[in-house]
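Chemist: I need the structure of the sequence given here:
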Amino acid sequence: MKKSFWIQSDNRKSKIQNRKWAGLSVIAFVLSAVGVAAEQQPKIPRIGLLSGTDSSPGSNAFRQGLRELGYVEGKNVVVEFRYDEGKVERLPALAAELAQLKVDVIFVSSLLRIRAAKEATKTIPIVMVSFGDPVADGFIVSLARPGGNITGLAAQRRDLDGKRLELLKEVIPAGSQVAILWDANAVVKEYEAAARALNSQLQPIEVRGPEPDLESAFQAIAKSRAKALIVVANPVLLHNRERIALTANNKRLPTMCESMEYVEAGCLLSYSANQADLYRRAATYVDKILKGAKPADLPVEQPTKFEFVINLKTAKALSLTIPQSVLYRADKVIK
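Modeler: Residues are numbered from 1 along each chain as shown. The predicted structure follows:
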């Protein structure tokens, strides 16, 4: 009996141990499965976006481009927003914040913002929309082979300067004296060459600093007896576009601008690359980089679409009649 008892007891112990081992095996399996699932869980990429305001048409078009590629903010992508609100002195700190967050890619536009991002990081990929010459500005080695950590699109805004002055002359035939509002970061030599070819006199009016003295600038424009005004785009002037439009219109001064945003704010004319198209295309660069492409190997593209915009409300307020030949060429007319 004792022998039988111990055999049964041993069997019972064996069964208990087997159950324990089975339980441990199940736990180990579950933990392993959780670990594998965690490893297989795709990392949610983070994009740093440095822009002027949260309502910037450019950043909105870029985000639309991301959505068209299947990126949903807060679901399969995180976008870290930083806005300078036209205060360019804040750019270095804002760009440094994005670099410290170790985002996967930074999207930025305009010369000063690109420069701030470039100085903030040499390793994080940067996708730019440049409205100048990124080679001359020192951001890339060449359009075909950018090198470094920066790529994107280059609107080459200066290539359009002659066309802007030509369109302005068609609207203001008698306006041989033209003022140009610019800052130290802009180049006006292309305008000067076009002015000579069109027998126009160009009067550069420079504004400086994060809070430009527009009142003094317009006083200088009045002294120059200019019949029209060209506004060179930069973050500070763009941030003050409503003031520029209002002051110019009050002084009955027709304006030609380098961005449609000025015309939407009340200026008369703009001729530029189609910015919405540029920003949407920039999203494809971000997509390629997040999928493993290196910015150094992605050629910088140039605009394929351009837009000529006229504000007829402003023309009426200035008692200007826009020639039909000019109206027919407009891509957008604000009535």
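Chemist: which residue packs closest to the spatially most central residue of the chain, ignoring adjacent ones?
Modeler: In the chain, the residue lying closest to the centroid (C-alpha atoms, centre = their mean) is Ser109, at 3.5 Å. Leaving aside its sequence neighbours, Ser109 sits nearest to Val129 (C-beta to C-beta, 6 or more residues apart in numbering; 3.9 Å). Every residue, glycine included, has its C-beta placed from N, CA and C.
Chemist: quick one, what contacts that neighbour?
Modeler: Neighbouring residues of Val129 by C-beta atoms under 8 Å, 6 or more residues apart in numbering: 58, 108-110, 152-153, 155, 275, 278-279, 282.
Chemist: Buried ones among those residues?
Modeler: Buried members of the contacts of Val129, counted by 16 or more other C-beta atoms under 10 Å: 58, 108-110, 152-153, 155, 275, 278-279, 282.
Chemist: follow-up on the earlier one: got the contacts of Val129 as TSV, with distance to Gly70 columns?
Modeler: Conversion of the contacts of Val129 to TSV gives the following (distance: C-beta to C-beta, whole Å):
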residue	distance to Gly70
Gly58	21
Val108	23
Ser109	23
Ser110	28
Gly152	20
Leu153	21
Ala155	26
Gln275	23
Leu278	20
Tyr279	17
Ala282	16
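Chemist: Now, those that are in strands?
Modeler: Assigned to strands by DSSP state E, the following of the contacts of Val129 qualify: 108-109, 152-153.
Chemist: of these, closest to Leu202?
Modeler: Of all those, Ser109 has the smallest distance to Leu202: 26.8 Å, by C-beta to C-beta.
Chemist: any idea how far Val72 is from that closest one?
Modeler: Here Ser109 is placed at a distance of 23 Å from Val72 (C-beta to C-beta, to the nearest Å).
Chemist: Please apply the same query to Glu85.
Modeler: For Glu85, the distance to Val72 - C-beta to C-beta - is 27 Å.
Chemist: between the two, who's got more neighbours?
Modeler: A count of neighbours by other C-beta atoms under 10 Å puts Glu85 above the other of Glu85 and Val72, at 12 against 9.
Chemist: so who does the more buried one touch?
Modeler: Neighbouring residues of Glu85 by C-beta under 8 Å, 6+ apart: 52-53, 239.
Chemist: One more: Ile44?
Modeler: Residues near Ile44 by C-beta under 8 Å, 6+ apart: 76-78.
Chemist: which of those residues are buried?
Modeler: By neighbour count, with 16+ other C-beta under 10 Å, those hold 77-78 as buried.
Chemist: how long is stretch 205-225 end to end?
Modeler: 12 Å (C-alpha to C-alpha, to the nearest Å).
Chemist: so the closest residue to Arg329 other than its chain neighbours, which of the three states?
Modeler: Closest residue to Arg329 apart from its sequence neighbours, by C-beta to C-beta, 6+ apart: Phe308 at 5.8 Å. What DSSP: H, G, I helix; E, B strand; the rest coil gives for Phe308 is strand.
Chemist: in the sheet, who's paired with Phe308?
Modeler: Beta-bridge partners for Phe308, by DSSP bridges, are Tyr271.
Chemist: and it, what does it touch?
Modeler: Contacts of Phe308 (C-beta under 8 Å, 6+ apart): 167, 269-271, 329-332.
Chemist: a markdown table for those residues, including distance to Ala293?
Modeler: Shown next, in a markdown table, are the contacts of Phe308 (distance: C-beta to C-beta, whole Å):
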| residue | distance to Ala293 |
| --- | --- |
| Leu167 | 38 |
| Leu269 | 39 |
| Ser270 | 33 |
| Tyr271 | 33 |
| Arg329 | 38 |
| Ala330 | 38 |
| Asp331 | 32 |
| Lys332 | 34 |
